[in-house]
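Trainee: structure, please.
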Amino acid sequence: MKGDRVEIVIDAGSGTTHTYDVVATRAGRRVDIAHGRGVIEVSEVTRGGTTVRTARFLANRVLALVEHPAADAPAPDEITPTLRSA
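Mentor: Predicted coordinates:
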């Protein structure tokens, strides 16, 4: 779903970290996560299953992997009232 996001924090060595975001950029796309053989792969995938782009990280370097699903409806504080004329 457009707006899905995965945030990846990796150890870059000597006490520094780098943060990467993979985002579903269009309607109908999703973000998939796969892991195996010491590699974590985060991909943006279309409805039909075609991979649009992929990010690969060494599993022993990944400190955090956070999934941020897209909101289905705006939160109550995000709804802006509209003015109606009588």
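Trainee: and for residue 71, the neighbour number?
Mentor: Each residue near residue 71 was counted by other CB atoms under 10 Å, and the total is 10. Heads up, the C-betas are built off the backbone N, CA and C, glycines and all.
Trainee: that one and residue 2 touch, don't they?
Mentor: No: using CB atoms under 8 Å, residue 71 is not in contact with residue 2; the gap is 11.0 Å.
Trainee: can you count the residues close to residue 57?
Mentor: Close neighbours of residue 57, defined as other CB under 10 Å, add up to 19.
Trainee: secondary structure element for it?
Mentor: strand 51-58 (DSSP states H and E).
Trainee: for whichever helix or strand comes after that strand, buried residues please.
Mentor: Next helix or strand after strand 51-58 toward the C-terminus (DSSP H and E): strand 62-68. For strand 62-68, a neighbour-count test (16 or more other CB atoms under 10 Å) marks residue 65 as buried.
Trainee: could you pull up the mean pLDDT of strand 62-68?
Mentor: Averaging pLDDT along strand 62-68 yields 90.
Trainee: and that strand, which strands flank it?
Mentor: Here strand 62-68 has these sheet partners by DSSP bridges: strand 5-13 (antiparallel).
Trainee: contacts for the strand it pairs with, please.
Mentor: With CB atoms under 8 Å, 6 or more residues apart in numbering as the test, strand 5-13 has contacts from 17-24, 31, 33, 40, 42, 55, 57, 61-68, 70.
Trainee: and the nearest residue to residue 43 once chain neighbours are set aside, how many neighbours does it have?
Mentor: Nearest residue to residue 43 in three dimensions, chain neighbours excluded: residue 54, at 4.5 Å (CB to CB, 6 or more residues apart in numbering). Residues near residue 54, counting by other CB under 10 Å, number 13.
Trainee: wait, residue 54 sits on residue 45?
Mentor: No: judged on CB under 8 Å, residue 54 makes no contact with residue 45 at a distance of 9.3 Å.
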